[in-house]
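A.B. asks: Pasting a predicted model and its sequence here:
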Protein chains: 2
Amino acid sequence: MLPSDRKWFTEVNAEAGSAESWSIEAHLAREVTDFQTIDVYRTSHWGNLMVIDGFVMLTTRDNFLYHEMMTHPALFSHPEPKRVLIIGGGDCGTLREVLAHDSVARCTQVEIDEQVTRLSEKYFPELCERNGDPRAELLFDDGLAHVKNLEPGSMDVIIVDSTDPIGPAEGLFGPEFVVDCYRALADGGMFLQQSESPLLHGKLIAGIRDNMDKAGFSTIRTLGFPQPCYPSGWWSVTQARKGGEIEPVSAERFAASGITTRYFNPGVHVGALATQLP
Amino acid sequence: MLPSDRKWFTEVNAEAGSAESWSIEAHLAREVTDFQTIDVYRTSHWGNLMVIDGFVMLTTRDNFLYHEMMTHPALFSHPEPKRVLIIGGGDCGTLREVLAHDSVARCTQVEIDEQVTRLSEKYFPELCERNGDPRAELLFDDGLAHVKNLEPGSMDVIIVDSTDPIGPAEGLFGPEFVVDCYRALADGGMFLQQSESPLLHGKLIAGIRDNMDKAGFSTIRTLGFPQPCYPSGWWSVTQARKGGEIEPVSAERFAASGITTRYFNPGVHVGALATQLP
């Protein structure tokens, strides 16, 4: 039983037979958009909490884990990432981490729902602090169509920072989109997609890897990491390379980057790349 | 709100403003012992669930993460662990992993509450499959007193597999016990203690590390790993060595051991040793 002396937001994971709850102090916003319903709460211990269609997207307290692992494994395993594309990622935390890399000349974020970004600017301003960077391009458009229209070989890194594979994000987990991303990547390019929980979503991960394999990617790795606000607290990204291996960053390159992290580092990168699916 | 069409067991973490719930099919056992109240439930998706004084101890589905990380980092970073002591660990999952190491000549488990082991034998039999190993010694006694009476330098590895630092396990987080463990360890010996969540329990971890430092340990490392059934899903062990460094296991030694794991491996070991406390 949840104590009734405070309010709670609960996400129930019916397929996992589990639920997670956060103690809530205020309901700060609700936006019903053409795509989804977005809620923002103030929690007692986790800062602000964004929820889309009843599923937790992020909290102030623990999103650093997700955003560091959505970006640095791809950018640090590419020799010199210049042209980066983010599909989804409307809270802009992934954009912020990408732009921490000096080599990046252009980072385009294609989020279908502008309200995600507008709410993030207001309630997660620290994630949006690089939105005004001259290298940042924020588009509010359909990511599937955007990638289809890209010039072949025009991207070094494509990151798919999407919601779960239901609703507006469903096509981002389909084989056609992965083929389009492969075509848009230059040789040696990196594709990285959030891929749910290694413990709970083994079949989904297998499907993601299968799509990447069939699209022609030469190396495919699933990297695990802790993510408290998502079901099971154990999450993953799946990364694929268009030609070549995926190697962990060297201590020298990481130090020379000057990038400050709270989770990712060269040793953690080795560990994540060694993730075995249970 | 938790759906009322099924029963739930909920653990509320007041200090973290969060709660985790499991869907329950049956209440299999309750034992009120001299030390605590132990419940076992059958869940819908996580196998059996053991709860002590309202706090989740383990589930069938995800305990492999905890037990592998409570054992292999200590044993594989010791050149040849022969004499191993487990304080607590009544479910016997840690004992099972220790005895997977051929070098181990003797593993003594000192659990204060025999009923934990009796219930584990019944509801988590896979964890107890090495209890009959001739190298295993199961004692039901006070771990604090046991360590105090050990001959100096008589242990290669001491593992503290305890409940949270309240109730019967409180003394296991105190400085005097750590000094006693230091004395009981041989030169180069390894001490490893479960140390809660890197995200939620930074102060507790700092205290554990401080105790180890003051006891004289030469190297202290906190290793993070995912653990879905514990608060935040991100857990840690803190390991200390009596003289010498703590190095990750080589791929050669790990392969030669013949030990099968679902989470731990040489790369994961590197990653865990690189854990930074956020």
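C.D. replies: Cool, got the structure. Numbers count the residues shown, from 1 in each chain, chains lettered A, B, ... in the order given.

A.B. asks: Relative to chain B, which residue of the stretch 101-250 of chain A is the closest?
C.D. replies: Of all residues in the stretch 101-250 of chain A, A:Gly233 sits closest to chain B, at 1.4 Å by C-beta to the nearest C-beta. Using the backbone N, CA and C atoms, a C-beta is placed for each residue, glycine as well.

A.B. asks: what's the burial count for A:Lys214?
C.D. replies: For A:Lys214, the neighbour count with other C-beta atoms under 10 Å in any protein chain shown is 12.

A.B. asks: which other helices and strands contact the host helix or strand of it?
C.D. replies: Secondary structure from DSSP states H and E places A:Lys214 in helix A:202-215. Under the contact criterion of 3 or more C-beta pairs under 8 Å, 6 or more residues apart in numbering or on different chains; DSSP states H and E, helix A:202-215 touches helix A:175-184, strand A:219-226, strand A:234-241.

A.B. asks: same question for that helix, mean pLDDT?
C.D. replies: Averaging pLDDT along helix A:202-215 gives 96.

A.B. asks: could you give the angle of that helix to strand A:219-226?
C.D. replies: Calculated by axes from the mean of the first three to the mean of the last three C-alpha atoms, to 10 degrees, helix A:202-215 forms an angle of 150 degrees with strand A:219-226.

A.B. asks: any idea of the angle helix A:202-215 forms with strand A:234-241?
C.D. replies: Here helix A:202-215 points in a direction 10 degrees away from that of strand A:234-241 (the same axes, to 10 degrees).

A.B. asks: List the buried residues for helix A:202-215?
C.D. replies: Within helix A:202-215, the residues scored as buried using 16 or more other C-beta atoms under 10 Å in any protein chain shown are A:204-205, A:207-209, A:211-212, A:215.

A.B. asks: And the contacts of it?
C.D. replies: Helix A:202-215 is contacted from outside by A:165, A:173-175, A:178-179, A:181-182, A:191, A:193, A:195-196, A:198, A:220, A:222, A:236, A:238, A:240, A:277-278, using C-beta atoms under 8 Å, 6 or more residues apart in numbering or on different chains.

A.B. asks: the domain parsing of chain A - what is it?
C.D. replies: By the assignment in automatic domain parsing, chain A contains the domains A:7-59, A:63-273.

A.B. asks: residue boundaries of the strands in chain A?
C.D. replies: Counting by DSSP state E, the segments of chain A that form strands are A:7-13, A:18-32, A:37-43, A:48-52, A:55-59, A:83-88, A:106-111, A:136-140, A:155-161, A:185-194, A:219-226, A:234-241.

A.B. asks: Would you mind reformatting those (as a markdown table) and adding columns for distance to B:Ser120 while you're at it?
C.D. replies: Listed next are these as a markdown table, based on distance: least, C-beta to C-beta, whole Å:
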| stretch | distance to B:Ser120 |
| --- | --- |
| strand A:7-13 | 27 |
| strand A:18-32 | 22 |
| strand A:37-43 | 36 |
| strand A:48-52 | 37 |
| strand A:55-59 | 33 |
| strand A:83-88 | 44 |
| strand A:106-111 | 49 |
| strand A:136-140 | 54 |
| strand A:155-161 | 42 |
| strand A:185-194 | 36 |
| strand A:219-226 | 26 |
| strand A:234-241 | 24 |
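
A.B. asks: Now tabulate the ones you listed in a markdown table and tack on mean neighbour count and mean pLDDT.
C.D. replies: What follows is these, written out as a markdown table (neighbours: other C-beta atoms under 10 Å in any protein chain shown; pLDDT from 0 to 100):
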| stretch | mean neighbour count | mean pLDDT |
| --- | --- | --- |
| strand A:7-13 | 18 | 96 |
| strand A:18-32 | 17 | 98 |
| strand A:37-43 | 19 | 98 |
| strand A:48-52 | 22 | 98 |
| strand A:55-59 | 21 | 97 |
| strand A:83-88 | 26 | 98 |
| strand A:106-111 | 22 | 98 |
| strand A:136-140 | 17 | 98 |
| strand A:155-161 | 27 | 98 |
| strand A:185-194 | 23 | 98 |
| strand A:219-226 | 22 | 98 |
| strand A:234-241 | 26 | 98 |
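
A.B. asks: Now A:Asp62: phi and psi?
C.D. replies: When read as degrees, to the nearest 10, the backbone of A:Asp62 gives phi -120, psi 10.

A.B. asks: Just give me the neighbour total for the residue of the stretch 101-250 of chain A closest to chain B.
C.D. replies: Applying other C-beta under 10 Å, I find that A:Gly233 has 28 neighbouring residues.
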